[in-house]
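A.B. asks: need coordinates for the following:
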Amino acid sequence: MNATRPAGVRVWDLPTRLCHWALAVLIALQYATGEFGVLDWNWHFRLGYATLALLVFRVLWGVCGSQTSRFGEFVRGPRVVLRYVSAQFSTNLQRSIGHNPLGGWSVLALLACTAVQTLSGLFASDELADDGPLAAHVGARTVRWLTRVHAWNQNLLLALVVLHVAAVLLYLVLKREDLIVPMLTGRKPLAAAPALRFASPWLALGLFAASCAAVAALVWWA
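C.D. replies: Residues are numbered from 1 along each chain as shown. Model (predicted):
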């Protein structure tokens, strides 16, 4: 009767979860602002600066943050990924504590694509009234090229987001593995509680402050 339920094992720390959902909201708002004019165009730039600060923080947190948030913990080689994929078509299901081997590369792809979108936006121009803050520091040819990159990469980023959401829903429907709630609560139903290492929230706060300061310095210089 009083057997311990395999629920509530802490897997994701608060900084990782906040960064995840904040990036999702920022990407959605920037798309709505750029494509539909939901907010004033200046907000597109402000949201971009916030996105860049979060990306810098996520890279730093991926190096010295909590165990499940570190790139070295969830980015695996091709053999491990292929073995994981093949296991999904067998009865020998593999459940990962944090990101699974395939999901790890999905995270990297999303972060890299968001970084390209944000950085190219710093140099992009609509050739009318709105230029990125760094457009004046490069030649016109570079501005035109990065503007095209910004437009093309937007479609790639949207495709990756749709693919990511579809994969999460497929895991929920086909494998009965909920990946959404753990990213909200930080806890995951596991049969055993692994000995995970979690970094100090003060370290996260310091890294985030440094990331914001770096982006603010870049914008001020521009």
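A.B. asks: now the strands for the protein?
C.D. replies: Assigned by DSSP state E, the strands in the chain fall at 9-10, 187-188.
A.B. asks: and the longest helix seen in the chain, what's buried?
C.D. replies: The single longest helix within the chain, with elements called by DSSP state H, is helix 140-174. Neighbour-count burial for helix 140-174 flags 143, 146-147, 149-150, 153-154, 157, 160-161, 164, 168, 171 (criterion: 16 or more other C-beta atoms under 10 Å). (C-beta placed from N, C-alpha, C; glycine too.)
A.B. asks: for the most centrally placed residue in the chain, give its distance to L52.
C.D. replies: Geometric centre of the chain, nearest residue: L111, 4.8 Å, by C-alpha atoms, centre = their mean. Computed as C-beta to C-beta, to the nearest Å, the L111 to L52 distance reads 12 Å.
A.B. asks: ok, back up a step: relative to W105, how far out is the residue nearest to the centre of the chain?
C.D. replies: Relative to W105, and taking C-beta to C-beta, L111 is found at 11 Å.
A.B. asks: which residues sit in contact with the closest residue to V215 other than its chain neighbours?
C.D. replies: Once flanking residues are discounted, V215 sits nearest to A53: 4.4 Å by C-beta to C-beta, 6 or more residues apart in numbering. The contact partners of A53, by C-beta atoms under 8 Å, 6 or more residues apart in numbering, come to F208, S211, C212, A214, V215.
A.B. asks: can you give me the buried ones in the lowest-mean-pLDDT helix or strand in the chain?
C.D. replies: Least confident helix or strand, the chain: helix 78-87 with a mean of 88, by mean pLDDT, DSSP states H and E. Within helix 78-87, the residues that count as buried by 16+ other C-beta under 10 Å are V81, Y84.
A.B. asks: which helices and strands sit right next to that helix?
C.D. replies: helix 101-121 (3 or more C-beta pairs under 8 Å, 6 or more residues apart in numbering; DSSP states H and E).
A.B. asks: quick one: mean pLDDT over the helix it packs on.
C.D. replies: The average pLDDT for helix 101-121 rounds to 96.
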